[in-house]
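Undergrad: Can you look at this prediction? I've put the sequence above it.
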Amino acid sequence: MFRKATAAMLMALAVTPVTQALAQSQSQSVSMCVFDVIGANGDVYNLMKDYALEMKAHGVDYKLKPYTDEGVALGDFQSGQCDVLAATDIRIRRFNRFTGSISAVGAIPSYDDLRTVLATLAQPKAASLMKAEGYEILGIAPAGAGYLFVNDRAIDTAGELAGKRMATLDYQKDAIHMVDYVKATVVPSDITNFAGKFNNGSVDTAYAPAFAYEALELYKGVGDRGGIVDYPLAQLTIQLVARDDVFSEELAQASRQEMWAMYGQAMALVEKSEENIPEKQWIRIPDADVQGYQEMFRENRMELRDGMNGAPEVYDPRMMSLLSKVRCASNAGASECTAENRE
Amino acid sequence: MHTSIIPRFWMTGSTNRILLVFGLLASLAGCGYNPIYQTTGMVITGYSESEATPYVMQMSDANMACNLGNSLDPLVYSFGRVTDRPDTTGSLLQLLAANCSEEQAWEEELRYLRANYQGDVPAAKDARNAAKRWHAITAERRLKAFERAMRAYEYDPADPAAECPILHADQDELTFLLGLLTGLQAIINDTSSGGAAGIPKDIAPQAERAAQCLDNEKWGGIPDAIRANVWLLLPDTRPATSPDPWRVLRRSAELGVKAGFRASMALEVVAAETKGRDDVIANVIARFVASEDGFEVSEDYRLVDRVGRSVILHGSDKHWTEAYGYRTPRTYFGKMSPESSTDAEVMDLDSLL
């Protein structure tokens, strides 16, 4: 009896450290800097909490840290204070120009097209496109289309933008080029101060996802005379980037698929934000004008792809080609689909 | 002895006279003659029926409504001791309280399924036992709701030749209808409790007969959905010429959407669970979520729709917990698996690689 008990105790002592070591070896601890305008109580942070939970099933133990300043989050990631960064694709561009070009101006005109793009990129086949210069994209989630907010409904065509002051992210080179193209005036801003500038009248226009209408009180800037132009200037996404030695190839792919599985959840938030904007605030533009805009955006994208006409080289040609294919698959009759200089 | 006490009583001073007055009042109250209690009872029960009930029916917060049933039933129904029994309001209050205890039973059912999924047998057993207890409490409350509703309209459900009750207003029709519904639910809860509540099973055929007293279309298909449920539960009760119960349930669900309260759809899920028809459950859940698009809820019976929704969501939660270990993620309500988002169109990447 005594021998049996002693043996059992010894077994227990021997087994416990082995089991613990096994559990530890199976679980990988990873830190993530998460940018969310509202911090730990924001939608993006909440989405990342769900993603982290999903990744636990793959043996990844995420430690999340919220940042309300995207520049600081980026800095901390670059200085190695976190393994993964969750930020907008505009900031992610420097790590992966291909995925960073999803938000190319006017390139994804509908959420159906966005769904196709993100589903395509979540496939294992796309894994090689997710790696660039020592970094890897671990997932992409939609954050909503960027719309043009104006303080005067008369500003409803590109021509009307000439001479108007527009809050522009000072690190978004494609947007600066576009603002110059329509002969508006760039008022350098960042995510934390563009809303204030629009609301106090320092600028006439700003672009942002629908989420900002309530959260950043852009309705103050819109007022009774202004509105929101109902045409997606660009599709903003939240992307996860890591140094490519953080995750194995299998884990990185699993992560991308988990993020893709959250598409519905993220889109539900986007749709809710858009529904919260009163109907009277939307400025609907005629179909004929839409075609004009599409061609204008296309010319700009090609300039920003090739670095022509004084434009910086911002967009990845492969992404421009993919987005063109997606657009033409859903709208085969568009003039760009038969154009000689197709993207 | 008496002679020695009485004179002494009268001979004492003012203190004793006050005691005497209190004694008389106390004896009057004990006999139920206290005019203040009676008046209060009439006011409270009258107010409950004419104001509180319609207000509660318009509520969208089913949890708050059920807690109201929990806390107000003992107070309101206790006035039955000094005035007429407030059976109409009392039926509704028990019905609401039963929703509260059923919610607890549901939570325990999900805990059981989670533990089962994880292979934790003691936790699964514990949760099963807890669920049975809550189902027993729910069944008892629902039996009371049924009995009070029948009594309120002087309807004897046990009498096979009973004539339909005279229902003056919509609210009377609804109270009677919900009474029948809770009677049916009481049997289902009792079964889930392992028969702990001992609900008489003949409530089912009684409810089936009485449901014919109500306009099916007006009440969003609930009367026929009750009947179809009973037919599936007790096939003997099904008239020879009646249509297929599943078709009746489907039609009732459509009428519910049209009427603005989807209780019939919930009854379709209940029937499917009873018969183990997972295909029907998946179909109803998908149809329910699809019906949200352009759905106009009935202002007057919003609560009925909300309770119906919670039944369907629980059906979905049970499936998800059993299959995946967790309840339905918000944006997956309407779908039965997390892989649903992989059905998106993808583009060929060969030219980019």
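TA: Perfect, thanks for sending it.
Undergrad: Setting aside sequence neighbours, what's the nearest residue to A:Glu336?
TA: With sequence-adjacent residues excluded and distances taken as Cβ to Cβ, 6 or more residues apart in numbering or on different chains, A:Glu336 is closest to A:Arg298, at 5.7 Å. All C-beta atoms are positioned from the backbone trio N, CA, C, and that covers glycine.
Undergrad: if I pick the one you found, what's in contact with it?
TA: A:Gly106, A:Glu336, A:Glu343 (Cβ atoms under 8 Å, 6 or more residues apart in numbering or on different chains).
Undergrad: which among the residues you listed gets closest to chain B?
TA: The nearest member of those to chain B, counting by Cβ to the nearest Cβ, is A:Glu343 at 12.4 Å.
Undergrad: Would you state the predicted confidence (pLDDT) at the closest one?
TA: Note for A:Glu343: predicted pLDDT of 90.
Undergrad: returning to that earlier point: what about the residue nearest to A:Glu336, which SS state?
TA: Following DSSP: H, G, I helix; E, B strand; the rest coil, we place A:Arg298 in the helix state.
Undergrad: Kindly provide the distance from it to chain B.
TA: Distance, A:Arg298 to chain B, using Cβ to the nearest Cβ, to the nearest Å: 18 Å.
Undergrad: In the stretch 101-250 of chain B, what residue spans correspond to helices?
TA: Assigned by DSSP state H, counting those that start in this stretch, the helices in the stretch 101-250 of chain B fall at B:121-152, B:170-192, B:203-210, B:222-233, B:245-259.
Undergrad: So A:Leu114 versus A:Ala143, what's the distance?
TA: 11 Å (Cβ to Cβ, to the nearest Å).
Undergrad: actually A:Tyr219, not the one I typed
TA: Taken as Cβ to Cβ, the span from A:Tyr219 to A:Ala143 is 20 Å.
Undergrad: So if I had to pick from those two, which one is more boxed in?
TA: Legend: neighbour count by other Cβ atoms under 10 Å in any protein chain shown for A:Tyr219 and A:Ala143, higher for A:Ala143 (24 against 18).
Undergrad: Give me the spatial nearest neighbour of the more buried one, chain neighbours excluded.
TA: In space, A:Ala143 is closest to A:Leu236, 4.3 Å off (Cβ to Cβ, 6+ apart).
Undergrad: Check which helices and strands the host helix or strand of B:Ser78 is in contact with.
TA: Element membership for B:Ser78 (DSSP states H and E) is helix B:62-78. On a contact count with 3 or more Cβ pairs under 8 Å, 6 or more residues apart in numbering or on different chains; DSSP states H and E, helix B:62-78 meets helix B:35-47, helix B:87-118, helix B:302-324.
Undergrad: again, 7 Å this time
TA: Judged by 3 or more Cβ pairs under 7 Å, 6 or more residues apart in numbering or on different chains; DSSP states H and E, the packing partners of helix B:62-78 are helix B:87-118, helix B:302-324.
Undergrad: The first one: which residues count as buried?
TA: Residues of helix B:87-118 classed as buried under the neighbour-count rule (16 or more other Cβ atoms under 10 Å in any protein chain shown) are B:87-116.
Undergrad: Can you pull the phi/psi pair for A:Ile283?
TA: The phi/psi pair for A:Ile283 (degrees, to the nearest 10) reads phi -100, psi 110.
Undergrad: Over to the one 3 residues further on?
TA: For A:Pro286, the backbone dihedrals are phi -70, psi 150 (criterion: degrees, to the nearest 10).
Undergrad: ok, it to chain B distance?
TA: 27 Å.
Undergrad: okay, now that residue: neighbour count?
TA: Counted with other Cβ under 10 Å, A:Pro286 comes out at 10.
Undergrad: For it, give me the pLDDT.
TA: pLDDT, A:Pro286: 88.
Undergrad: for the one 10 residues further on, same thing?
TA: Confidence at A:Met296, expressed as pLDDT, is 92.
Undergrad: How about it, nearest residue that isn't a chain neighbour?
TA: A:Ala158 (6.3 Å).
Undergrad: wait, what's in contact with the one you found?
TA: A:Ala158 sits next to A:Val182, A:Tyr293, A:Met296 when contact means Cβ atoms under 7 Å, 6 or more residues apart in numbering or on different chains.
Undergrad: Just give me the neighbour total for the closest residue to B:Asp170 other than its chain neighbours.
TA: Nearest non-adjacent residue to B:Asp170, counting by Cβ to Cβ, 6+ apart: B:Asp300, 8.0 Å away. Neighbour count of B:Asp300, defined by other Cβ under 10 Å: 15.
Undergrad: surely B:Asp300 meets B:Met59?
TA: No - using Cβ atoms under 7 Å, B:Asp300 is not in contact with B:Met59; the gap is 11.1 Å.
Undergrad: near chain A, which residues of chain B show up?
TA: B:329-332, B:338, B:341, B:344-347, B:349, B:352-353 (Cβ under 7 Å from any Cβ of the partner chain).
Undergrad: Farthest pair within those residues?
TA: Spatially, the most separated pair among the residues of chain B next to chain A is B:Arg330 and B:Leu353, at 36.1 Å (Cβ to Cβ).
Undergrad: what sits against the residue nearest the centre of chain B?
TA: What sits nearest the mean C-alpha location of chain B, by Cα atoms, centre = their mean, is B:Leu95, with 4.3 Å. By Cβ under 7 Å, 6+ apart, B:Leu95 lies in contact with B:Gly69, B:Ala145, B:Leu178, B:Thr182.
Undergrad: With A:Val270 instead?
TA: With Cβ under 7 Å, 6+ apart, A:Val270 has these contacts: A:Pro142, A:Gly144.
Undergrad: how about it, secondary structure?
TA: helix.
Undergrad: can you count the residues close to A:Glu160?
TA: So A:Glu160, with other Cβ under 10 Å, has 17 neighbours.
Undergrad: in chain B, what spans have low per-residue confidence?
TA: B:1-33, B:339-342 (pLDDT under 70).
Undergrad: quick one: the strands in chain A?
TA: Using DSSP state E, the strands found in chain A span residues A:28-35, A:60-67, A:84-88, A:131-132, A:135-150, A:165-169, A:185-189, A:205-209, A:227-243, A:282-283.
Undergrad: how about those strands, which one is nearest B:Arg277?
TA: strand A:135-150 (36.5 Å).
Undergrad: Next, the angle from the closest one to strand A:84-88.
TA: Relative orientation of strand A:135-150 versus strand A:84-88 (axes from the mean of the first three to the mean of the last three Cα atoms, to 10 degrees): 20 degrees.
Undergrad: Can you list the helices and strands that strand A:135-150 packs against?
TA: Under the contact criterion of 3+ Cβ pairs under 7 Å, 6+ apart, strand A:135-150 touches helix A:111-121, strand A:205-209, helix A:218-222, strand A:227-243, helix A:249-261, helix A:263-275.
Undergrad: Mind putting the ones you listed into CSV with mean pLDDT?
TA: Converted to CSV, the helices and strands packed on strand A:135-150 look like this (pLDDT from 0 to 100):
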stretch, mean pLDDT
helix A:111-121, 96
strand A:205-209, 95
helix A:218-222, 94
strand A:227-243, 96
helix A:249-261, 96
helix A:263-275, 92
